[in-house]
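Enquirer: After the sequence you'll find the predicted model.
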Amino acid sequence: MEELAWNAACLRLEDYLRAHAVEPRERLLALTLSILAEAKSAHDKLPGLTPLECTMRIASKKTDTWFSLLAGDPARAARARIAYFAGGRNDLFLEWPLPEDFVASIRSAGIEAGPALEFQSLIRRELDYGAMQDIARETWDRFSWGHVLSAFALWLAIFFAAWGIYLKFFQ
Amino acid sequence: MKPFCGTDSLKPDVISLRQALFLATGAGITICGILLMVAILRVDGFSVLEWVLLGLFVPLFGQIAFGFTIALWGFLILLAGGDRYQVMRTLPEPPAAGPVGATAIVLPVFNEDPDRTFRGLESMFRSVEATGAGGAFDFFVLSDSNDPDRWVEEETEWLRLCVKCQGFGRIFYRKRRVSLHGKSGNVADFCRRWGKRYQYLLVLDADSVMSGETILRLARVMDANPRAGIVQTSPQIVRGKSVLQRFVQFATRLVGPLFAAGSNFWHLGGGNYWGHNAIIRLKPFIEQCVLPEIPGHTAAARHILSHDTVEAALMHQAGYQVWFAYQEEGSYEEGPPNLTESLKRDRRWCQGNLQHFWFLFAPGTPFTNRIHIFFGLMAYLTAPLLVFFIGLSSWDSHVKQRFAVYVAEPWVPVSGVWTSGVLLALTLTLLFLPKLLGFLHLLPRTKEFGGVTRALLSTVLETLLSVLLAPVLLFFYTKFVVLTLLGLRVTWKTQNRDESSIPFGEALRTFGAPTLCGLAAGAAALVWSPTLLPWLSPVLAGLVLAIPTAMITSSEAVGGWLRKLGLLLIPEEASVPPVLRDLDCPAGEDAMAVSGVMQVAISPEVNALHSSLLRRSRARARHKADHLAGLRKRLIEEGPQGLARRELSALLWDAEAVELLHRDIWLSAEQDLHPWWRHALRHYNENTIRLDRRDFQGL
């Protein structure tokens, strides 16, 4: 049972590292084994966690810390992560210390979704629509279904009255 | 031909003379038609019904008369070697070198295919760079997409493009949190944020592509003509796969140049703006062209749906010219893949054009813009008028026929037959002569259209298809106008699909009504007025055949077959322009569309990209954090299908929630994950390129 749980942890860790573009098998295995060893010793101290949770917590923390160090500022860690993927130096993943030129390239990478904002107001002008607007206002602003229904009722009454008169006196 | 030394040198006399010629020709033909109609109706005296018929005939005949007039003047202008007064002729030959005004090229998108959109953008970026003046142009993708998958895919494509072309700092991506007022609101938002930084704005559609040379020439023409407010190009429809797309792309080559040249002939600097593939002078656009509200009871009713025509009118009213660079090549767009999509677009245009009614009588609207607005209105209003006209004239002839039986006289007097024949001949000439003129115009270049025989056959096929489609459009335009005037919304029971083909069930649902109308009208004519049936048959045939027409015109297989036969060919198919070469997804990469939500949750790169593009809130209310935590939990346990689109969007708008989602997915035990996520995690790395949404169906 324990072996199955560590197998699952190992598989997930491998997937996680490969998601970080760690492609060479040798590097992947070395990192996997190193993190698994760390997870096993931590698991002895924290038996409440499953091997998978323990392993992935360590991997996640290591990764976050590494990207924060790489960015030089935790607030820019996400941008460092993007620059790392764009840079193509995947062989350096989780290495420390790192070549200075690599760190400099990551920190100077400009990933701006937009230029600096220069806000200005767009002011809507009132437009004069002339006579049509007046006609529409006079028609629709005074419109009510009550008027329409009463007019309809009146004409209906006139129609039936006329029809009644016709039937009574002319038929 | 004398050079055109700048749009300021254009004398008012030229404008007045051309407009007088145009209006006189159109009015003259219309009057001829009216006189013939009066001659037909007055034979046995005017009845009330016939007065109504005459009243309907005037705008209907006027519409085709003025359409013909534009094509006629366009043909004459092209026959004379082109128009001297074209805005692009103000540029010196050879073109001047040197810097051009800072230009923002904006691409508003709304759930369009990101792969196609960014391929087009890449093509344009490279083309602009190749001109050597790339530094003056910045590209902006302005997203209003409300599909979370599309949103993330757009961001990923943006990053891929920036990395591939080293476009950071030149290609930008902006997603609006509140998509207020559609495309016009999207562009207005750009103007509000960055409008001050640029002199010109080149507006595109998601499927637009323009060559770098054309973009540069447009910026130069704006530099050279300070009074040019908008320069609209004539985008050529290209890359047609389905029959409808091929039909439209050939039709725009056949009669498009005539109508374009004819339009420029009469309006010159008082042209129209089509909303895309046009360059705009930003300062007056921001100061003068903010869309006003139209009279209405609700905020939605006061909003202008079709902004372009109004913006052109406001620009012209502010003293700037709006030119039509109709002979400028290198401006492209794609057509709707099938009749349903085309009608959906028409529905929007119909609603928008009817709103323009308010500007028709607004004091200060320039004369040429009033004409544009009137033509735009009549493009849709003529449909119900024509239906009414056909119905009344059928009734009138039925009554006369019945009466003739009782009095034993011919129901159409002999003198009326000849006049009717003349009027019919005139009408058919006005409708079909532009196609013949268009064919004559492309005769010297038939090689580009597959040779003389194929070009002729294509012209005949285009004419037949337009005859077949016209009654279907008549039916739907009438429906759109009536529902819009009643304040009702037109809805569609169809799904948005990537494929162009319309299956039988969908065709039956959408086009069953026109088919039934055609059958009913045919049966009525057969019973009450059989002699009328041959005259109504072109309209009835189009209606009755609406379902097969919709299905066949949506077929890419038939479209491909036509292309193999060399029919409905366009020059861009014989020789593909460089800017259009790499727009198709390479073979084998068809299934690249990995779910954006999956990418943002699993990929550390996409997750970092997405969260870094979001604005982080300094403080967050506890109830909001709890709500997002709940959504995160549900997303993990129930998969993306377990959350509504707005719930996914709410989650994706929060940077912290997005980062936590990524962490939670990777840290969760197998049994805590929905099968969708288990599948995604297991296959993410090996199949990042090939994973397809279809792999996740049923999970």
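Expert: Okay, I see it.
Enquirer: So for residue 112, what's the pLDDT?
Expert: You didn't say which chain, so I picked chain A. For A:E112, the model assigns a pLDDT of 86.
Enquirer: my bad, the chain I had in mind was chain B
Expert: On the pLDDT scale, B:E112 is placed at 92.
Enquirer: Tell me who's in contact with it.
Expert: By CB atoms under 8 Å, 6 or more residues apart in numbering or on different chains, the contact set of B:E112 is B:145, B:150, B:206-207. Any C-beta I mention is one placed from the backbone N, CA and C, and that applies to glycine too.
Enquirer: With pLDDT, neighbour count and secondary structure as added columns, please give these in JSON lines.
Expert: Conversion of these to JSON lines gives the following (pLDDT from 0 to 100; neighbours: other CB atoms under 10 Å in any protein chain shown; DSSP: H, G, I helix; E, B strand; the rest coil):
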{"residue": "B:S145", "pLDDT": "94", "neighbour count": "21", "secondary structure": "coil"}
{"residue": "B:R150", "pLDDT": "94", "neighbour count": "20", "secondary structure": "helix"}
{"residue": "B:A206", "pLDDT": "94", "neighbour count": "22", "secondary structure": "coil"}
{"residue": "B:D207", "pLDDT": "94", "neighbour count": "23", "secondary structure": "coil"}
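Enquirer: out of these, who's nearest chain A?
Expert: Nearest to chain A among the contacts of B:E112 is B:S145, at 14.8 Å by CB to the nearest CB.
Enquirer: and B:L78, how many neighbours?
Expert: 20 (other CB atoms under 10 Å in any protein chain shown).
Enquirer: And the one 3 residues further on, by the same measure?
Expert: Here the number of neighbours of B:G81 (other CB under 10 Å) works out to 8.
Enquirer: and it, which of the three is it?
Expert: With DSSP: H, G, I helix; E, B strand; the rest coil as the basis, B:G81 sits in coil.
Enquirer: can you put the contacts of B:E112 in CSV and add distance to B:G132?
Expert: Formatted as CSV, the contacts of B:E112 follow (distance: CB to CB, whole Å):
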residue, distance to B:G132
B:S145, 34
B:R150, 35
B:A206, 28
B:D207, 27
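Enquirer: give me the subset of those residues touching chain A.
Expert: Near chain A, taking CB under 8 Å from any CB of the partner chain as the test, no member of those is found.
Enquirer: which one of the residues you listed is nearest A:Y16?
Expert: Closest to A:Y16 out of the contacts of B:E112 is B:R150 (26.8 Å), distances taken as CB to CB.
Enquirer: And the lowest-mean-pLDDT helix or strand in chain A, what's buried?
Expert: Taking mean pLDDT, DSSP states H and E as the measure, the helices and strands of chain A show their lowest mean at helix A:131-140, namely a mean of 79. Neighbour counts over helix A:131-140 (16 or more other CB atoms under 10 Å in any protein chain shown) mark A:Q133 as buried.
Enquirer: Now do that helix: which elements does it pack against?
Expert: Counting contacts by 3 or more CB pairs under 8 Å, 6 or more residues apart in numbering or on different chains; DSSP states H and E, helix A:131-140 is packed against helix B:357-360.
Enquirer: Can you tell me the element A:A37 falls in?
Expert: According to DSSP states H and E, A:A37 maps onto helix A:25-45.
Enquirer: Just say helix, strand or coil for whatever residue of the stretch 251-400 of chain B ends up closest to chain A.
Expert: Among the residues of the stretch 251-400 of chain B, B:P292 lies closest to chain A, at 3.9 Å counting by CB to the nearest CB. Three-state call for B:P292 (three-state DSSP): coil.
Enquirer: Which residues are in contact with the residue nearest to B:V452 when sequence neighbours are not counted?
Expert: Excluding its sequence neighbours, the residue lying closest to B:V452 (CB to CB, 6 or more residues apart in numbering or on different chains) is B:T446, at 4.7 Å. The contact partners of B:T446, by CB under 8 Å, 6+ apart, come to B:452, B:454-455.
Enquirer: same thing but 10 Å
Expert: By CB atoms under 10 Å, 6 or more residues apart in numbering or on different chains, the contact set of B:T446 is B:439, B:452-456, B:458.
Enquirer: these two touch, right, B:F172 and B:F137?
Expert: No - look at B:F172 against B:F137 with CB atoms under 10 Å: they stay out of range, at 11.8 Å.
Enquirer: joint contacts of those two?
Expert: Common neighbours of B:F172 and B:F137, counting by CB under 10 Å, 6+ apart, are B:A104.
Enquirer: next structured bit after the worst-scoring helix or strand of chain B on mean pLDDT?
Expert: Taking mean pLDDT, DSSP H and E as the measure, chain B has helix B:299-302 as its least confident helix or strand, at a mean of 82. Moving toward the C-terminus from helix B:299-302, the next helix or strand (DSSP H and E) is helix B:307-317.
Enquirer: how about the nearest residue to B:L613 once chain neighbours are set aside, what does it touch?
Expert: With sequence-adjacent residues excluded and distances taken as CB to CB, 6+ apart, B:L613 is closest to A:A113, at 5.2 Å. By CB under 10 Å, 6+ apart, A:A113 lies in contact with B:140-141, B:155, B:158-159, B:162, B:168, B:171-175, B:609, B:612-614.
Enquirer: out of these, which are buried?
Expert: B:140-141, B:155, B:158-159, B:162, B:168, B:171-175, B:609, B:612-614.
Enquirer: Which ones among the residues you listed map onto strands?
Expert: By the criterion of DSSP state E, membership of those in strands covers B:140-141, B:171-175.
Enquirer: Those also near chain A: which ones?
Expert: Restricting those to those touching chain A (CB under 10 Å from any CB of the partner chain) yields B:140-141, B:171-175.
Enquirer: Using CSV, please lay out these together with pLDDT.
Expert: Below are those laid out as CSV (pLDDT from 0 to 100):
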residue, pLDDT
B:F140, 98
B:V141, 98
B:I171, 97
B:F172, 97
B:Y173, 97
B:R174, 96
B:K175, 96
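Enquirer: Where do the strands of the chain begin and end?
Expert: Using chain A here. Taking DSSP E as the criterion, chain A contains no strands.
Enquirer: oops, I was thinking of chain B
Expert: Under DSSP E, chain B gives strands at B:103-109, B:137-143, B:171-175, B:200-203, B:209-210, B:228-233, B:236-237, B:278-281, B:321-325, B:331-333.
Enquirer: B:R618 is nearest to which of these?
Expert: Smallest distance to B:R618 across the strands of chain B (CB to CB): 20.4 Å, for strand B:171-175.
Enquirer: so what strands line up beside that closest one?
Expert: Here strand B:171-175 is paired, per DSSP bridges, with strand B:137-143 (parallel).
Enquirer: For chain A, what is the nearest residue in the stretch 401-550 of chain B?
Expert: Distances between the stretch 401-550 of chain B and chain A by CB to the nearest CB are smallest at B:G487, namely 11.1 Å.
Enquirer: number of nearby residues for that residue?
Expert: 9.
Enquirer: quick one: it and B:A301 touch, right?
Expert: Yes - the pair B:G487 and B:A301 qualifies as a contact (CB under 10 Å) at a distance of 8.1 Å.
Enquirer: if I look at B:E153, how far off is B:V606?
Expert: B:E153 sits 9 Å away from B:V606, taking CB to CB, to the nearest Å as the criterion.
Enquirer: Check B:E506 too.
Expert: Note on B:E506: its distance to B:V606, by CB to CB, is 34 Å.
Enquirer: Mind listing what's buried along stretch B:429-437?
Expert: Here stretch B:429-437 shows B:430-431, B:434-435, B:437 as buried, counting by 16+ other CB under 10 Å.
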